[in-house]
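Student: predicted model follows, preceded by the sequence.
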Amino acid sequence: MSDIAIKVENLSKRYRLLSQGRGNNSLKDLLLSPLRNLREIVSLTKRNVIEAEQDDYFWALKDNSFEIKKGEVVAIVGRNGAGKTTLLKILSKITAPTSGRIEINGRVNSLLAVGTGFNGELTGRENVYMNGTIHGMSRKEINRKFDEIVDFAGVEKFIDMPVKRYSSGMGVRLGFAVAAFLEPEILIIDEVLAVGDIAFQNKCMGKMREIGQEGRTVLLVSHNMQTVKRLSQQGILLRSGKIEMIDSIESIVSSYMQGIEKIQQGSDITQEMHLRYPPKLEIHRFEITNSSGKETRELLMDE
């Protein structure tokens, strides 16, 4: 039996950029627009889209391949626009890839945005049962987990209230509890836990560590490097839609931080800056050092 939970081969995703100033301003445009639209639809259905014009299309992901083993907790790291959320949407089968192949072995549950998979008109209770049914669980299985879900989310008083009346914090708490407690073999989490308070974030991190220890797979995205280092062992670094490296989480975080514009190492104080301070105070130089006393330009939150 394979120990691979997720296998991705040559995965690419492109989006068409919205064109400006191409309205139907003439009779000729009106007559030709059906033919133009048909040609564009045909182009979108072709498998070979690699040669598409760069002016019309944006590649959110381009030719990415990787494997994640069962039981691994893996963080996807990258700046805004690197393609992290697009990758998670494809793995969650919310968005179809443009090209490439994905193999997923196990039941997937994901939380990619506040209220993902919830119907606002239904109550919290109804949404829990609906989500469990969608993910292949029987009513008996959901009943067994229901009290734990409600208790973890802390929405006992509101469980029979329509979800559309929930605050964003309540929605994400219930969403995470549903995603985590309905026994997924693969849990995919985007940067949604930032909505909750510190106490709930700590509960979530504890639950994700527990899921990993149970041999289930966790794939997460977070801009909080402290959280990433606490939860995951391996990492994937994305830059501009391409995987730059796959390594231990320490190496991934270090490489990511080096790619961000940082304060220059040491700085001389100019005469103009002296004028901002009292006459008796003179600062000629400052530097940033780490816990070992070594001058550095890279500091993480837990340092």
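Tutor: Great, that's in hand.
Student: list the contacts of residue 136.
Tutor: With contact taken as C-beta atoms under 8 Å, 6 or more residues apart in numbering, residue 136 is in contact with residue 107. C-beta coordinates here come from the backbone N, C-alpha and C atoms, glycine included.
Student: would you agree it falls within a helix?
Tutor: No - Residue 136 is assigned coil when assessed by DSSP: H, G, I helix; E, B strand; the rest coil, not a helix.
Student: pLDDT wise, what is it at?
Tutor: For residue 136, the pLDDT comes out at 74.
Student: start the count at 43 instead of 1 going forward.
Tutor: In the new count, where the first residue is 43, that last one comes out as residue 178.
Student: phi, psi for it please.
Tutor: With angles defined as degrees, to the nearest 10, residue 178 sits at phi 80, psi 20.
Student: next, residue 285: secondary structure please.
Tutor: strand.
Student: and it, how far from residue 54?
Tutor: 12 Å (C-beta to C-beta, to the nearest Å).
Student: for residue 103, grab phi and psi.
Tutor: phi -140, psi 150.
Student: on that earlier part again, shared neighbours, residue 285 and residue 54?
Tutor: residue 106.
Student: who has more neighbours out of the two?
Tutor: residue 285 (22 against 19; other C-beta atoms under 10 Å).
Student: got the confidence number for that one?
Tutor: For residue 285, pLDDT reads 95.
Student: spatially nearest residue to it, not counting backbone neighbours?
Tutor: Leaving aside its sequence neighbours, residue 285 sits nearest to residue 106 (C-beta to C-beta, 6 or more residues apart in numbering; 4.9 Å).
Student: partners of the closest residue to residue 203 other than its chain neighbours in the sheet?
Tutor: Ranked by C-beta to C-beta, 6+ apart and with sequence neighbours excluded, the top spatial neighbour of residue 203 is residue 165, at 6.1 Å. Residue 165 has these beta-bridge partners by DSSP bridges: residue 204.
Student: distance of residue 165 relative to residue 233?
Tutor: Counting by C-beta to C-beta, the gap from residue 165 to residue 233 is 27 Å.
Student: repeat for residue 214
Tutor: 11 Å.
Student: if we can go back for a sec, so who does the residue nearest to residue 203 touch?
Tutor: Here residue 165 is in contact with 201, 202, 203, 204, 205 (C-beta under 8 Å, 6+ apart).
Student: and the residues you listed as TSV, adding distance to residue 111, neighbour count and pLDDT?
Tutor: Formatted as TSV, the contacts of residue 165 follow (distance: C-beta to C-beta, whole Å; neighbours: other C-beta atoms under 10 Å; pLDDT from 0 to 100):
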residue	distance to residue 111	neighbour count	pLDDT
201	37	17	94
202	41	11	94
203	41	14	94
204	41	15	93
205	35	22	90
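Student: distance to residue 178 added to those, as CSV?
Tutor: Converted to CSV, the contacts of residue 165 look like this (distance: C-beta to C-beta, whole Å):
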residue, distance to residue 178
201, 23
202, 25
203, 27
204, 25
205, 22
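Student: let me know the closest of the residues you listed to residue 142.
Tutor: residue 205 (34.6 Å; C-beta to C-beta).
Student: isn't that closest one right next to residue 162, touching?
Tutor: Yes - counting by C-beta atoms under 8 Å, residue 205 touches residue 162, with 5.2 Å between them.
Student: which residues do these two both contact?
Tutor: With the criterion set as C-beta under 8 Å, 6+ apart, the contacts of residue 205 and residue 162 do not overlap.
Student: secondary structure element holding the closest residue to residue 230 other than its chain neighbours?
Tutor: Nearest non-adjacent residue to residue 230, counting by C-beta to C-beta, 6+ apart: residue 152, 3.8 Å away. Assessed by DSSP states H and E, residue 152 sits inside strand 150-153.
Student: that strand: partners in the sheet, and parallel or antiparallel?
Tutor: Paired strands of strand 150-153, with direction, are strand 228-231 (parallel) (DSSP bridges).
Student: just the mean pLDDT for the helix or strand just after the partner strand, thanks.
Tutor: Toward the C-terminus, strand 228-231 is succeeded by helix 240-255 as the next helix or strand (DSSP H and E). Throughout helix 240-255, pLDDT has a mean value of 80.
Student: chain center to helix 240-255: distance?
Tutor: In this view, helix 240-255 has its centroid 17 Å away from the chain centroid, taken as C-alpha atoms, centre = their mean, to the nearest Å.
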